[in-house]
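Chemist: Make a model of this:
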Amino acid sequence: MKKVLLTLVIAVLLLSGFAGVKSAEPLFVSNSTTTNQEDPVNEIIVGYKENTDVAVLSKQVEKTTGAKLSRKGLKNFAVFKLPQGKAADVVMNQLKNDPNVEYVEPNYIAHAFDVPNDTFFNPYQWNFYDYGMTSNGYVSNYGIQAVSAWNITKGAGVKVAIIDTGVAYENYGAYTKAPDLANTLFDTANAYDFVNNDTHANDDNSHGTHVAGTIAQSTNNGMGAAGIAYQATILPIKVLDSEGSGTYDAIANGIIWAADKGARVINMSLGGSSGSTTLQNAIQYAYNKGVVIVCASGNDRRSIVSYPAAYTQCIAVGSTRFDGTRARYSNYGSALDIVAPGGDTSVDQNHDGYGDGILQQTFAEGSPTDFAYYFFQGTSMASPHVAGVAALVLSAHPTYTNEQVRTALQSTAKDLGTAGWDKYYGYGLVNAYAAVNWTP
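Modeler: Numbers count the residues shown, from 1 in each chain. So this is what the prediction gives:
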């Protein structure tokens with residue numbers, strides 16, 4: 001859920017300068033926040049064995065089942081639209097015994113994660129603070145210590161792929177680059193939109209732009225909000241539509257694309273309730289290429305981490321509040337790895353008169369040129385904190401493997417809850433300063 005602040009400027013000390021935070025009567029905008037397990041399945045994914053001719057075999061599938069080829073994946077899989085009135089399990093059963101078929105599965109729908117609420121808040125960027133810094137006079141001991149980490153690195157030389165609803169990264173057609181991303185570096189040559197199948201991964205929802213801001217909002221520019229790894233390069237990849245939903249095959253293609261285009265870190269603030277071989281294969285592909293894969297755990301308040309976060313190759317991120325406790329919406333369980341600030345706008349724990357959300361610039365839904373500073377909460381907001389810190393680690397230590405980065409993040413996290421790893425906090429709250437100082 002989002003809050004937008006529009007007019008009154010309040011100065012907030014960030015880094016060595018001041019940033020303006022716009023504040024007025026917030027505008028309530030609803031958004032999808034949990035995995036909808038009732039999404040109808042109208043497509044299937046057919047995964048073929050290695051060294052098979054996908055084009056030829058796809059024609060056979062059409063002839064055998066009546067399903068129509070919708071699109072091919074970047075690897076050996078294809079998506080088929082189901083015949084009208086024919087159930088997915090019927091079509092899949094027809095294909096399971098084909099010797100050329102490795103697997104068949106529904107093309108599930110994933111949704112962007114952020115949590116709705118019905119109040120309006122204006123917290124500052126307490127989520128980046130060092131331990132002991134104050135927010136409105138109240139001590140914050142549960143920020144990620146980005147301020148100290150910036151004395152060591154600011155993320156230069158690391159490419160971070162944001163697989164999401166797109167990013168407001170360019171002036172193109174009806175889209176405008178976000179003003180507070182003016183100094184942010186983008187890999188425009190390799191941006192891609194797997195929803196509309198073109199090379200312009202523009203955001204028509206607002207979710208991806210907010211996520212991008214947490215990772216690399218332009219910083220020390222005398223305006224707006226700061227980002228964690230603000231000298232990193234962002235690779236925008238659009239896999240979710242204007243409603244914040246997208247198919248698993250689009251996400252899989254986005255993962256493969258990011259890995260092939262040189263991303264060192266992937267952030268996915270999205271997920272679904274079901275596993276997928278297509279998705280897992282794409283995750284494995286990127287992992288094998290050394291990519292650090294960071295994913296939101298989900299906002300269902302469930303004891304099961306969503307997919308793709310649940311895969312072992314991914315770093316599953318849960319959400320904390322200003323006081324370091326787990327946000328009530330945050331999914332938890334055996335697959336949870338770490339937590340980061342995701343906000344809780346139902347409380348005002350730093351007593352600044354507003355709820356404690358995560359602040360970044362984005363736009364009003366349906367108006368991709370109408371920018372303001374919005375306050376979101378959710379594991380979607382927690383995940384880019386960890387992705388940003390991963391970028392800082394790789395900037396300071398370019399030769400680190402993805403597993404070394406994971407170890408740096410997990411072994412230096414601030415322990416919360418039960419001593420050691422636990423299902424509510426994983427290894428604890430990500431600590432940017434300690435992580436960039438970690439050595440094998």
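Chemist: any chance you could map the strands in the stretch 1-150 of the chain?
Modeler: Assigned by DSSP state E, counting those that start in this stretch, the stretch 1-150 of the chain shows strands spanning 2-5, 8-14, 17-23, 27-29, 43-48, 68-72, 77-81, 101-106, 109-112, 133-135, 138-140.
Chemist: The stretch 251-400 of the chain now?
Modeler: For the stretch 251-400 of the chain, the strands defined by DSSP E, counting those that start in this stretch cover 265-268, 270-271, 292-296, 314-320, 338-341, 358-364, 367-376.
Chemist: and the helix or strand that contains R406, which residues are buried?
Modeler: Assigned by DSSP states H and E, R406 belongs to helix 402-411. By 16 or more other Cβ atoms under 10 Å, the buried positions in helix 402-411 come out as N402, Q404, V405, R406, T407, A408, L409, Q410. Just so you know, the C-beta spots here come from the backbone N, C-alpha and C atoms, and that holds for glycine as well.
Chemist: would CSV of those with distance to Y433 be doable?
Modeler: Converted to CSV, the buried residues of helix 402-411 look like this (distance: Cβ to Cβ, whole Å):
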residue, distance to Y433
N402, 21
Q404, 17
V405, 15
R406, 18
T407, 16
A408, 12
L409, 12
Q410, 15
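Chemist: In JSON lines, list those along with distance to G428 and pLDDT.
Modeler: Output for the buried residues of helix 402-411, formatted as JSON lines (distance: Cβ to Cβ, whole Å; pLDDT from 0 to 100):
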{"residue": "N402", "distance to G428": "20", "pLDDT": "98"}
{"residue": "Q404", "distance to G428": "18", "pLDDT": "98"}
{"residue": "V405", "distance to G428": "16", "pLDDT": "98"}
{"residue": "R406", "distance to G428": "14", "pLDDT": "98"}
{"residue": "T407", "distance to G428": "14", "pLDDT": "98"}
{"residue": "A408", "distance to G428": "13", "pLDDT": "98"}
{"residue": "L409", "distance to G428": "10", "pLDDT": "98"}
{"residue": "Q410", "distance to G428": "8", "pLDDT": "98"}
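Chemist: looking at this structure, which helix or strand does the model trust least?
Modeler: Ranking every helix and strand in the chain by mean pLDDT, DSSP states H and E puts strand 8-14 at the bottom, with a mean of 21.
Chemist: Ignoring the adjacent residues along the chain, who's closest to T325?
Modeler: Distances taken as Cβ to Cβ, 6 or more residues apart in numbering place L416 nearest to T325, at 7.9 Å, with adjacent residues excluded.
Chemist: just checking, that neighbour touches R321?
Modeler: No - the criterion here is Cβ atoms under 8 Å, and L416 misses it with R321 at 11.2 Å.
Chemist: In terms of packing, which of these two has more residues around it?
Modeler: With neighbours defined as other Cβ atoms under 10 Å, L416 and R321 compare such that R321 has more, 22 against 19.
Chemist: which residues does the more buried one contact?
Modeler: By Cβ atoms under 8 Å, 6 or more residues apart in numbering, R321 lies in contact with Y142, A327, P341, G342, G343, D344, V347, Q349, D356.
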